[in-house]
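1. Pasting a predicted model and its sequence here:
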Amino acid sequence: MARPGLVASGGRGPLPLSDLAGYPILSQGSRSGSGLHFSKWLRNQGIVFPRQVSSDSMTALLGLTIAGLGVSYMPSACFQPLIDEGKLEIVLAEPALPTVPYAAMYRNDRPSAIAASVAQVAAEACDFTRQFQG
């Protein structure tokens with residue numbers, strides 16, 4: 001995603017990842033599961049982005065993206081209202097970016113009934129279609 005008008009696709013469809021390398025890439029950091037997943041996928045594709053900013057805060061990345069400071073990989077269902085409001089636009093890439101799996105995780109070397117229960121509730125309640133779910 002990017003601020004509308006930041007990435008000039010010219011209506012020619014998905015952009016090669018090499019074209020996106022001309023923009024700063026805003027990504028989740030190495031402490032993020034999705035950041036690790038995306039970084040591994042890029043390495044497997046042989047893609048290196050020369051200008052990359054990482055943060056473990058999705059909220060920070062969202063603000064940087066809306067401000068037009070780069071292109072980021074955000075969950076589209078969650079941020080659809082910002083797309084509808086014209087604050088973000090989807091930038092299609094070729095090859096298509098991978099689906100990022102999300103999981104509720106906890107340490108299993110220290111069994112805890114509460115940790116397992118919290119992870120189960122999170123997995124059942126979170127649908128990623130709304131920002132800041134309550």
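-> Thanks, I have the structure now.

2. quick one, strands of the chain?
-> For the chain, the strands defined by DSSP state E cover 15-16, 25-28, 52-55, 71-72, 93-94.

3. what's the distance between the second one and the middle of its chain?
-> Using Cα atoms, centre = their mean, to the nearest Å, the distance from the centre of strand 25-28 to the centre of the chain it belongs to is 8 Å.

4. so what strands line up beside that strand?
-> strand 52-55 (parallel), strand 71-72 (parallel) (DSSP bridges).

5. So which of these is the most surrounded?
-> strand 71-72 (a mean of 24; mean count of other Cβ atoms under 10 Å). Quick note: C-beta positions are derived from backbone N, CA and C, even for glycine.

6. what's the pLDDT at Leu20?
-> On pLDDT, Leu20 comes in at 84.

7. Burial check on it, number of neighbours?
-> If you count neighbours by other Cβ atoms under 10 Å, Leu20 ends up with 18.

8. Might one say that it is in contact with Val7?
-> Yes - if you go by Cβ atoms under 8 Å, Leu20 and Val7 touch, sitting 7.4 Å apart.

9. follow-up on the earlier one: what would the strands paired with strand 25-28 look like in TSV with mean pLDDT and distance to Ile90?
-> Compiled in TSV, the strands paired with strand 25-28 are given as follows (pLDDT from 0 to 100; distance: least, Cβ to Cβ, whole Å):
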stretch	mean pLDDT	distance to Ile90
strand 52-55	89	20
strand 71-72	92	11
